[in-house]
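Peer 1: Sequence and computational prediction follow.
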Amino acid sequence: MADVPRLEFRHIGKTFPGVRALGDVGFEVRAGSVHGLLGENGAGKSTMMKILGGEYIPDEGEVAIDGRTMHFRSAADAIDAGVAVIHQELQYVPELSVMENLLLGRLPTRFGLVDRRRALAWTRERLDALGVDLDPRAKLKKLSIGQRQMVEIVKAILRDAKILALDEPTSSLSHRETDVLFRLVRDLRAQGKAMIYISHRMDEIFELCDAATIFRDGRKVADFDTLEGVTRDTLVQRMVGREISDIFGYRPRTQGDVRLSVEGVTGRALPVPTSFDVRAGEIVGFFGLVGAGRSEIMRVVYGADRRVSGEVRVDGHPVRPSRIRDAIRHGLVLCPEDRKEEGIIGVRSVSENINISARRNHLTAGLFVNDRVEARTADSFIERLRIRTPHRRQEIRLLSGGNQQKAVLSRWLAEKDLRVLIVDEPTRGIDVGAKNEIYNVLYELAERGVAVVMISSELPEVLGVSDRVITMCHGRITGQFDRASANEQNVLAAALPEGAGTTLPRNA
Amino acid sequence: MTESNAAAIAATRETPRDRRRALLWQLVDDYSLIGIFIVLFAVLSMTVRYFFSWDNVVGLALSVSQIGMVACTMMFCLASRDFDLSVGSTVAFAGVFCAIVSNATGSVVIGIAAAIVAGALVGFVNGVVIAKLKINALITTLATMEIVRGLAFIASHGQAVGVSSEAFFTLGSSQFLGLPVPVWVTLACFVVFGVLLNKTIYGRNTLAIGGNPDAARLAGVAVDRVRIAIFLIQGLIAALAGVILASRMTSGQPNAGEGFELNVISACVLGGVSLMGGRATISGVLVGVLIMGTVQNAMSLMNIDAFYQYLVRGAILLIAVLVDQLKNRRQSR
Amino acid sequence: MTESNAAAIAATRETPRDRRRALLWQLVDDYSLIGIFIVLFAVLSMTVRYFFSWDNVVGLALSVSQIGMVACTMMFCLASRDFDLSVGSTVAFAGVFCAIVSNATGSVVIGIAAAIVAGALVGFVNGVVIAKLKINALITTLATMEIVRGLAFIASHGQAVGVSSEAFFTLGSSQFLGLPVPVWVTLACFVVFGVLLNKTIYGRNTLAIGGNPDAARLAGVAVDRVRIAIFLIQGLIAALAGVILASRMTSGQPNAGEGFELNVISACVLGGVSLMGGRATISGVLVGVLIMGTVQNAMSLMNIDAFYQYLVRGAILLIAVLVDQLKNRRQSR
Amino acid sequence: SAAPNDEVKIGFVVKQPEEPWFQDEWKYAEQAAKEKGFTLVKIGAPDGGQVLTTIDNLKAQHAQGFIICTPDVKLGPSIVAKAKADGLKLMTVDDRLVDGAGKPIEAVPHMGISASKIGEQVGQAIADEMKKRGWKPEETGALRVSYDQLPTARERTEGAIEALSAAGFPKDNIVNAPQAKTDTENAFNAANIAITQHPDFKHWVAFGLNDEAVLGAVRAAEGRGFSAENVIGVGIGGSKSALNEFSKAQATGFFGSVLISPKRHGYETSVNMYEWIKNDKAPPALTLTTGQLITRANADEIRKEMGL
Ligand SMILES: Nc1ncnc2c1ncn2[C@@H]1O[C@H](COP(=O)(O)OP(=O)(O)OP(=O)(O)O)[C@@H](O)[C@H]1O
Ligand SMILES: Nc1ncnc2c1ncn2[C@@H]1O[C@H](COP(=O)(O)OP(=O)(O)OP(=O)(O)O)[C@@H](O)[C@H]1O
Ligand SMILES: [Mg+2]
Ligand SMILES: [Mg+2]
């Protein structure tokens, strides 16, 4: 029996109209191990997981569990076979409670009626046993994104499946929640579960995984039975097909005058006045724990949320409060953190998503959109940022997560007179190679004199890219460090709430 | 809202004052619509003559009995993010069909059973087309609305179909503990579907499907089966309403129930059922139905001109939803 | 679809056979509905006597002229994920109001202008309530549907209002290059709104809003303003349709246009406009309108029994959407 | 001026194709078509727009003339103009076209009975029956189940009121019960409320747009404990709804219905139109028919007499 892998993919192929997502891919996962799955954005990782979860039916090949060939026709089949998949796009029911989400599809009953008391008791007990701090009665829509992600993870774990797949589970988790997750994963490994772990964070792969497989362009390019002795550079090289020695590749540059000045700004969710400046050519990193209020302040600055008081200036010109269009007119733009809800317009094409704002600058006769220019713009960004799409007219929702992110970023890069760019978690869910490309784009913009604000929850990224780091905690700025003086200890200390223990974050 | 959100809120770490305030608001939110209705009812009782009399209250209950029954199932339909325009036609068809079968077989029971089976069948077809063939619910039920209405006309040759057996009329006209039977049936529907919604897996899955169909599917919920069941039950209850209506009118009428579907949907939405799915309460639907009926009843008692009744109906609809909206607005911030 | 998808597909790296197949399918997808219509038209031409005659084609065009105009704006409304049930009432009210004002002022021009302004106002109110007060579009327009219908009845005392000036009738009855003026107006609407949808920021933003309102707002789209504009224009065009209808009928009728809204929405959905927003093509809407009109026209020519017409209408609706669906199915799995 | 191929085609356009009355008209027109050997085209046109569409459609299929019961008599000028433009002969049935000033258009041959005339017959029938039963008018309420959105409906009920008043019925005892839609259930609800409002009346009479409206009122009165002896409902149309009531073992409050002969309206108009087209024999400019009251006692007999 020991020879039969718990889970085996055999010659899997899957084609979507215009896209070959997977071609003749196979690998094995053993019981009691965590198998890393790596690859660029759009390499086909999530597609593979959806096949495992019964959501897609492969065109070719098959999935085998304990040597037995399985033919999943639906998600329910996969669940029955002991498979649990945590999807990259969270799948929860916002109006229902944590308990009901956790027990979705299998609430306990008594005399045909839902036994709520038993369900609550059971949920509470299991949550305690797992060491996860969630109120089972709270509605999902009232939780933070990180908490929702935890609910998803716990939901899969509570199924007691023998195979567990986690598709980028940490992309919106805080450090503390990540620690909890890792502990859970290790426990499950000890219990003999087979697990697949997908992440773009190399350090997580090394920390958790026993073996790994690398995909590129829908094909398998490497298999590692063990990660012992494998270096980070090897993995990256196999993944992106080129050497990336220093992923941040920081380039110093000269800075100009103050471009963005924020003075005493308050919002409805931000009672404490906030002030900061960003110079032309400067990249300022905002660091804080999840919920520190970084997104909120930037949304107020941009005008997406109501500005109660304070002043925002671009090159000395005041920007009207709560007027996104005025901000854009001043060259101040924001790339939001919640890509699916606030970034992409799913049913519209890649080209539409890229051109939606910048098109106003090249109208024919001041009235009609110029399709030729728009096509050129879209194609140039698809090439420059290597957005993996069959063509610019593909609906953007059909792109992989990372490629959607690149398209949203392109939307603002296409602005003619860009002065201030605020990016909120720009590399969330983005592969190593593409991260590097995005950093280069930020540097280029800065070199052209754009003031860049980058919100990030990854400390190494903040330290590696920023000219200056600002920390926030509980809705107020708690520290400022220039590049020379910023280091993990002092930045983290400033970002943590008073009295919290200073646990060091992982290295990137 | 089965479990009070208030409890959940109270569990978060806030000052006792905050907590009390949050709790209070939650109560206001949960029961604001009921409050609105009570105020409306009280004001009308005091100002409109004959409004607050047993006769009138029974008449009011009777006038909303058909809508009430079907609103219970429409609640499920909307809660699962679907839509059903075919109920009015089903009401008419069931009445006609029941009368025809009763006459042909000489048995009222067979007639009623046949009509209810036919209604369930209509619902089943709706459900299969919508869930399996994945055709938009609005269009599907618009089509079946036409088709079923056509069948009602064809079966009856466009004429009212009388029932020869007197037994048939007792269903609609007899009383039990001072209330007419149709009102009892409606009350039973509210109890049954209230329990179904809040206390059974079927109800919880319905809300889950409406809240996020993909999540429900990925969690192994038999989404298609639940959706088909929802439509099937809706057809069945619509047929029941049709049979009771026919019994009350002592004949099956092919042009009954025109515009019925929009009234039912309005009542549900008034009662806080979200057209985006995932949100529904049985108490809300009850109040929605009652508000609709009460307004119509009061307008007639006040002898408001038929033309002005359009204005009042429209305005009431707007105001009620607006009030409900204001509370949501407060909540979301 | 401004540029053909086919061309774009050809750009991907695949075998020539794959590419040819993909290209073919893309063509089928883009133009399947047009194909369905052409087949329908050809079959009817060959089988139904008098169908393929100039008189009949003009009559058909005239019969869909009102629906066609309003379908153009309804397309925008649905594309932005909204909904408008008030158009039928607006059609009636505009006709009545135009007649009343014309008679009162003695000037047809003032009458027409007043009616169109009134229609735009109704749309504006809809838009503001929906966009600013964030009330569900279905309920809002259901309410205005009632209110505006009531206004039409009140203004006309429930009677048709004749117009004394003969000049008024030319609008509806005169011809230009062999086609009646209403048909020309409808064609103009299709051209104007087609260009608006595909070639202007307004149109593209409408689709973006329908696709994801939050994302559109953050991308700098003035979401509220666009939505209000959509409803305003819809009210305006509905009023224009009402005026033309009144002119064709030589009187403004308060009960005109009942059920009009559902016909218009059906035509749009038939034409591939998604009720989930973000997807619409003007050619699709044109074909949707034509299919609806053609089926009705052919049924009259074939002398199909009124009751069976219900069945045919329902079935056609289902089949057309089903065929359209099959192609999507192929795409998604 | 017969058609080139001698094939006569006649349109029969009605405003409410689902209504039994119009179904019957069509049935008898069809009978005429069979006997005389012409083609009958039956089209329903519930609103003004569809009337115009229908006329175009008739022209397209080379009909030579049509008979119409219009949804609104004020459509007169446009129907006349359209028929003329399309070269179609025009006759009206049931409802007579009026011009802009509200005067009947005399140039169009018409067969029918005016809505207010039918109403008057209803009112008269009620008044007669009241006298027979010896009711005191002061103790009697009259339910006017109204649907004023429809001009015909208003004229019918106004006619009934006129006849009742003429017979000495007190105007104050006439209670308006507006129905939201023209089906029985809505009539029931409207009547129920009206009865609540007037608890003092010992007897009720009821009239309305059609049999269905009156049926709803009768059911409501029954529900409120008014037995058959205390209710007089008189409908219009002599439809199945009325006949069902008459065939019940026990008499109900549904006393009678004013029956107009769909046979004459359907058959005779079609034949007239046929003669007009085929032999250029113009129909009489105006034929007025009368309604007949049918009750439990005489329904079968009168229907047989009328050839139904
Ligand atoms: N339903 C679909 N229709 C068309 N193309 C699709 C569909 N789903 C996925 N694709 C395409 O298949 C390819 C693989 O996508 P997948 O989501 O598996 O990538 P991934 O490896 O998970 O990327 P990421 O790291 O960005 O999440 C991508 O090019 C994507 O655009
Ligand atoms: N979708 C949400 N629903 C409810 N509360 C939320 C939601 N998202 C964030 N919050 C809460 O809003 C507050 C601050 O927002 P947010 O988490 O966006 O701050 P942030 O500093 O930008 O952190 P990050 O960007 O890392 O998530 C926190 O209290 C957080 O819990
Ligand atoms: Mg992925
Ligand atoms: Mg944030």
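Peer 2: Thanks, I have the structure now. All of these numbers come straight from a predicted model, not from anything done at the bench. Ligands and ions are numbered 1, 2, ... in the order given.
Peer 1: Distance of the spatially closest residue to residue D:289 that is not a sequence neighbour relative to chain B?
Peer 2: Residue nearest to residue D:289 in three dimensions, not counting chain neighbours: residue D:113, with 5.1 Å by CB to CB, 6 or more residues apart in numbering or on different chains. From N, CA and C alone the C-beta is placed, and that goes for glycine too. According to CB to the nearest CB, to the nearest Å, residue D:113 stands 21 Å off from chain B.
Peer 1: contacting residues around residue D:113?
Peer 2: D:94, D:260, D:288-291 (CB atoms under 8 Å, 6 or more residues apart in numbering or on different chains).
Peer 1: quick one: it and ligand 1, what's the gap?
Peer 2: 67 Å (CB to the nearest ligand atom, to the nearest Å).
Peer 1: got a list of what residue B:176 touches?
Peer 2: residue B:184.
Peer 1: Just grab the bridge partners of it for me.
Peer 2: residue B:179 (DSSP bridges).
Peer 1: On the pLDDT front, check it for me.
Peer 2: Looking at residue B:176, its pLDDT reads 87.
Peer 1: can you check residue B:328 too?
Peer 2: Predicted confidence (pLDDT) for residue B:328: 64.
Peer 1: give me the number of residues near the closest residue to residue B:129 other than its chain neighbours?
Peer 2: Excluding the flanking residues, the one nearest residue B:129 by CB to CB, 6+ apart is residue B:140, at 4.9 Å. By other CB atoms under 10 Å in any protein chain shown, the residues close to residue B:140 number 29.
Peer 1: again, but for residue D:288
Peer 2: Count around residue D:288 with other CB under 10 Å applied: 11.
Peer 1: Could I have the CA atoms of stretch A:125-135 written out in PDB?
Peer 2: Output of stretch A:125-135 as PDB, limited to C-alpha atoms (Å, rounded to 0.1, in the frame of the first residue of the first chain):
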ATOM      1  CA  GLU A 125     -16.000  23.000  20.500                       C
ATOM      2  CA  ARG A 126     -14.200  22.400  17.300                       C
ATOM      3  CA  LEU A 127     -13.200  26.000  16.900                       C
ATOM      4  CA  ASP A 128     -11.800  25.900  20.400                       C
ATOM      5  CA  ALA A 129     -10.000  22.700  19.700                       C
ATOM      6  CA  LEU A 130      -8.500  24.200  16.600                       C
ATOM      7  CA  GLY A 131      -7.600  27.400  18.500                       C
ATOM      8  CA  VAL A 132      -9.500  29.600  16.100                       C
ATOM      9  CA  ASP A 133     -11.100  32.700  17.600                       C
ATOM     10  CA  LEU A 134     -14.400  33.200  15.900                       C
ATOM     11  CA  ASP A 135     -18.000  33.800  17.100                       C
END
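Peer 1: Pull out the buried residues from that stretch.
Peer 2: Residues of stretch A:125-135 classed as buried: A:127, A:130, A:132, A:134-135 (neighbour count, 16 or more other CB atoms under 10 Å in any protein chain shown).
Peer 1: Closest one to residue D:104 out of those, please.
Peer 2: The nearest member of the buried residues of stretch A:125-135 to residue D:104, counting by CB to CB, is residue A:135 at 77.8 Å.
Peer 1: Apart from its chain neighbours, what residue comes closest to the closest residue to ligand 1 within the stretch 51-200 of chain D?
Peer 2: At 44.4 Å from ligand 1, residue D:53 is the closest residue in the stretch 51-200 of chain D, using CB to the nearest ligand atom. Using CB to CB, 6+ apart and skipping residues adjacent in sequence, the residue nearest residue D:53 is residue C:63, 3.8 Å away.
Peer 1: Of all the helices and strands in chain B, which has the lowest average confidence?
Peer 2: When the helices and strands of chain B are compared on mean pLDDT, DSSP states H and E, helix B:5-10 comes out lowest with a mean of 37.
Peer 1: How about residues contacting stretch A:56-65?
Peer 2: Residues contacting stretch A:56-65 (CB under 8 Å, 6+ apart): A:6-15, A:22, A:24-26, A:47, A:50-52, A:69-73, A:81-83, A:163, C:333.
Peer 1: Enumerate the residues of the stretch 101-250 of chain A near chain B.
Peer 2: Within the stretch 101-250 of chain A, the positions adjacent to chain B are A:101, A:104-107, A:109, A:112-114, A:116, A:135, A:137-139, A:142, A:155 by CB under 8 Å from any CB of the partner chain.
Peer 1: most surrounded residue in those residues?
Peer 2: Result: residue A:101 is most packed of those (other CB under 10 Å), 28 neighbours.
Peer 1: And that one, how far from residue A:90?
Peer 2: Per CB to CB, to the nearest Å, residue A:101 is found 11 Å from residue A:90.
Peer 1: try residue B:312
Peer 2: Distance of residue B:312 to residue A:90, computed by CB to CB: 45 Å.
Peer 1: Also residue B:97?
Peer 2: From residue B:97 to residue A:90 the distance is 47 Å (CB to CB).
Peer 1: Those two: which is more packed in?
Peer 2: More crowded of residue B:97 and residue A:90, by other CB under 10 Å: residue B:97, with 29 against 17.
Peer 1: Next one: that one from ligand 4, what distance?
Peer 2: Residue B:97 sits 59 Å away from ligand 4, going by CB to the ion, to the nearest Å.
Peer 1: Name the nearest residue to that residue, sequence neighbours excluded.
Peer 2: Using CB to CB, 6+ apart, the closest residue to residue B:97 is residue B:115 (4.8 Å).
Peer 1: what's the neighbour count on that neighbour?
Peer 2: Neighbour tally, residue B:115, other CB under 10 Å: 28.
Peer 1: quick one: contacts for it?
Peer 2: B:94-95, B:97-98, B:101, B:239, B:242-243.
Peer 1: can you pull the pLDDT of it?
Peer 2: For residue B:115, the model assigns a pLDDT of 97.
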